[in-house]
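Colleague: return atomic coordinates for the entry below.
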Amino acid sequence: MTKIHSADTQLHPSHLWPERRMPTGHAPIQHPPEAIKQLGEGNLISGILVGTGDKAIQWIQELSNQSDRSRSAHLVLVIYPACSTQSEHLMALQLHQASLLQSSHKISIRLLPVESMARENRHIQSIPPSVIHSYDKESGRSRMWVGSVGDLGADPLCAASFNMLFEPDAGLSDSWRNWFQCVQGVSVPLTADTARIPDLAPARGEPAAAELWRAYCKNCIPGPEKAAATITMDPKKGEVIETAEGETPESWDGGALALDETAMFIERLYAGGVLVTVNESTRIKPLSIAVRAKLLGQVAEWAIGAVRQRQSFTLQVLGDDINKALDKARSIAEPIAALSFPLGSKNHWMPEAAKTLLEREVKARSAKGKQLLEEALGANVGKYIADRADQMRKDLNAMYSELGRGRSVPPATFESILLDAQARLEAALKVDITPSPAYNRITAPRLEGTDDDASWDQPLSLLSAAACRFRKLLTDPYEPRKFSKMAFTTKDFTSACNMFKDTILTNQDYARAEDELTEIATLLEADSTAKEKCKALREIAQRTIK
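Modeller: Numbering: from 1, shown residues only. The predicted model follows:
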């Protein structure tokens, strides 16, 4: 078996655990696995725990030891005869639960005893997997872990040990909510009495039976020497390259599900970000009042043959300067463009870490816009409108006359326009000036088992835009200025948005940035596939500079 030093192995976050090289000795084992740590980041946690031991207790206690925000955890512990959970484990949890009664943290622990069952004169044990659902109320993000390894992954592993971490959709989370409620209903509270689990040891069985089983296991091992079965694995890719019998393995899926390094890199990128747009339902109406053409005796639209004409009228209640400032506060297109990368003409992908920066900018713009509006209108919007009524009447009458409708707008028409203007301004003072962003999860295009180069066009747009943006920060004086009037800095941007681990941001070499911009431009114009261009862009971004 090929062994490698742990320093040569970089473990990436994965949806499956243990990392595929751990059981074969090609990578160090992590206790507890990184996936379990991520679950503790939520503030509403529910779960079924099997094989609760020291590691699980430590994780549960750490949930309430973090003082950054309160957490609510609802856990059901599955216990069965001779399980690894002992009375001292349950008593420790019972004391910890009691210690939080006056705390902002809430931990509810219940027990679900499981008995062995008989089938065809054999005793069998039906043990469920551990399942944890973690929900973050602020971000709305859920994570779910399903695992077969006891004590939150700290128990010994075997080749078939399987744990999966993923983000469930809202429908699955709702189903879990109802399912977990049922499990809680058939469980019992953890108390001083229920914590007294019998201290049982696993049945030893007959020595002759144990010998029969050892002989059976030895007979299952291939090779004339009956040595321990080993495989040879590519330490970088984590793929089996030689079986225990010394043969090159045949792929069971024919390569249909395989991702090469570039595709895997892109999969991880998409998983670490969101599609960002403007939540149009939160956008306030323009503060320039639309005047219906009919009120001025006009037709909004008419046609002669294939020719159509439309006309509209607006009444500007506020001054030019404040209108321009408020228009800027009413838009978040600029910060979205600064913190995201295009997937196409209208879709923008944003790293998860950049959401905090965008929210900060939205809050700052809304506060500035509200301040400007309050200063302009004063304490009484009705008085503000009344003070400007004569000028607005004069301007409307001039337009009415210019249209050939008469010398002055009818009084009822003018009054309705004033009421609309007052209502529009009063409504603007009660809501946020700046619209809120909307985030949606997006998965990478299908990159496995396909030769369709069109699948790589979107990732190519993302990678090329990022590579150019980071290099222009060093070569184009205008680029850093984009952040000068925002609520975050250039450093904030590069820290949050360098999901690509682009070495140009640590190297900070002007000459290299200039050369690579030329290299990227040539690459994008080259007669090669989008997949090949993605691979080349990744190599440029992660280029090692001595």
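
Colleague: chain neighbours aside, what residue packs nearest to Thr314?
Modeller: Spatial nearest neighbour of Thr314, chain neighbours left out: Ser288 (4.6 Å); criterion: Cβ to Cβ, 6 or more residues apart in numbering. Any C-beta I mention is one placed from the backbone N, CA and C, and that applies to glycine too.

Colleague: who does the one you found form a beta bridge with?
Modeller: Gln316 (DSSP bridges).

Colleague: next: Tyr439.
Modeller: Bridge pairing for Tyr439 - DSSP bridges - gives Val276.

Colleague: that one is in contact with Gly273, isn't it?
Modeller: No: using Cβ atoms under 8 Å, Tyr439 makes no contact with Gly273, being 9.3 Å away.

Colleague: coming back round to it: state the pLDDT value of the residue nearest to Thr314.
Modeller: You'll see Ser288 listed with a pLDDT of 79.

Colleague: residues touching it, list them.
Modeller: By Cβ atoms under 8 Å, 6 or more residues apart in numbering, the residues touching Ser288 are 314-318, 323.

Colleague: the helices in the stretch 351-500 of the chain, which residues?
Modeller: Under the criterion DSSP state H, counting those that start in this stretch, helices of the stretch 351-500 of the chain are mapped to 355-377, 381-387, 389-402, 411-430, 457-475, 478-481, 490-497.

Colleague: out of the contacts of Ser288, who has the most neighbours?
Modeller: Tallying neighbours with other Cβ atoms under 10 Å puts Val317 at the head of the contacts of Ser288, with 24 neighbours.

Colleague: can you pull the contacts of that residue?
Modeller: 287-289, 385, 388, 392, 421, 424-425.

Colleague: give me the buried subset of the residues you listed.
Modeller: Among those, the ones that count as buried by 16 or more other Cβ atoms under 10 Å are 287-289, 385, 392, 421, 424-425.

Colleague: show me what contacts Phe470?
Modeller: Residues near Phe470 by Cβ under 8 Å, 6+ apart: 494, 498, 502, 504-505, 541.

Colleague: from Asn498, how far out is it?
Modeller: The spacing between Phe470 and Asn498, counted by Cβ to Cβ, to the nearest Å, is 7 Å.

Colleague: who touches both of these two?
Modeller: Common neighbours of Phe470 and Asn498 (criterion: Cβ under 8 Å, 6+ apart): Leu505.

Colleague: returning to that earlier point: I'd like the contacts of Ser288 as a markdown table, with distance to Thr518 and pLDDT appended.
Modeller: Below are those laid out as a markdown table (distance: Cβ to Cβ, whole Å; pLDDT from 0 to 100):
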| residue | distance to Thr518 | pLDDT |
| --- | --- | --- |
| Thr314 | 47 | 79 |
| Leu315 | 52 | 80 |
| Gln316 | 48 | 83 |
| Val317 | 52 | 83 |
| Leu318 | 48 | 84 |
| Asn323 | 43 | 84 |
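
Colleague: and of the residues you listed, the nearest to Leu377?
Modeller: Of all the contacts of Ser288, Leu318 has the smallest distance to Leu377: 8.4 Å, by Cβ to Cβ.

Colleague: in three-state terms, label the closest one for me.
Modeller: coil (DSSP: H, G, I helix; E, B strand; the rest coil).

Colleague: gap between it and Ala421?
Modeller: For Leu318, the distance to Ala421 - Cβ to Cβ - is 10 Å.

Colleague: same thing with Ala354?
Modeller: Taking Cβ to Cβ, one finds Ala354 at 38 Å from Ala421.

Colleague: go on, Ala195?
Modeller: For Ala195, the distance to Ala421 - Cβ to Cβ - is 69 Å.

Colleague: over to Thr356?
Modeller: Here Thr356 is placed at a distance of 37 Å from Ala421 (Cβ to Cβ).

Colleague: one step back: and the contacts of Val317 as JSON lines, adding distance to Leu75?
Modeller: Shown next, in JSON lines, are those (distance: Cβ to Cβ, whole Å):
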{"residue": "Leu287", "distance to Leu75": "52"}
{"residue": "Ser288", "distance to Leu75": "56"}
{"residue": "Ile289", "distance to Leu75": "57"}
{"residue": "Ile385", "distance to Leu75": "59"}
{"residue": "Arg388", "distance to Leu75": "63"}
{"residue": "Met392", "distance to Leu75": "65"}
{"residue": "Ala421", "distance to Leu75": "58"}
{"residue": "Arg424", "distance to Leu75": "52"}
{"residue": "Leu425", "distance to Leu75": "52"}
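
Colleague: tell me the one among those nearest to Met350.
Modeller: Nearest member of the contacts of Val317 to Met350, counting by Cβ to Cβ, is Leu287, at 28.7 Å.

Colleague: that closest one against Gln422, yeah?
Modeller: No: checked against Cβ under 8 Å, the pair Leu287 and Gln422 is beyond contact range at 11.8 Å.

Colleague: touching stretch 358-378 from outside, list them.
Modeller: Counting by Cβ under 8 Å, 6+ apart, 276, 287, 318-319, 322, 325-326, 328-330, 332, 335-336, 339, 350, 384, 425, 428-429, 432-437, 486-488 sit against stretch 358-378.

Colleague: which of the residues you listed count as buried?
Modeller: Buried members of the contacts of stretch 358-378, scored by 16+ other Cβ under 10 Å, are 276, 287, 318, 322, 325-326, 328-330, 332, 335-336, 339, 350, 384, 425, 428, 432-437, 486-488.

Colleague: which of those fall in strands?
Modeller: 276, 350, 437 (DSSP state E).

Colleague: tell me which of those is nearest to Leu165?
Modeller: Among these, Met350 lies closest to Leu165 (Cβ to Cβ), at 22.3 Å.

Colleague: tell me what that closest one is bridged to.
Modeller: Beta bridges link Met350 to Val274 when assigned by DSSP bridges.

Colleague: so it versus Pro437, what's the distance?
Modeller: Taken as Cβ to Cβ, the span from Met350 to Pro437 is 9 Å.

Colleague: return every residue with contacts to both of those two.
Modeller: 276, 336, 358.

Colleague: no more questions from me, cheers.
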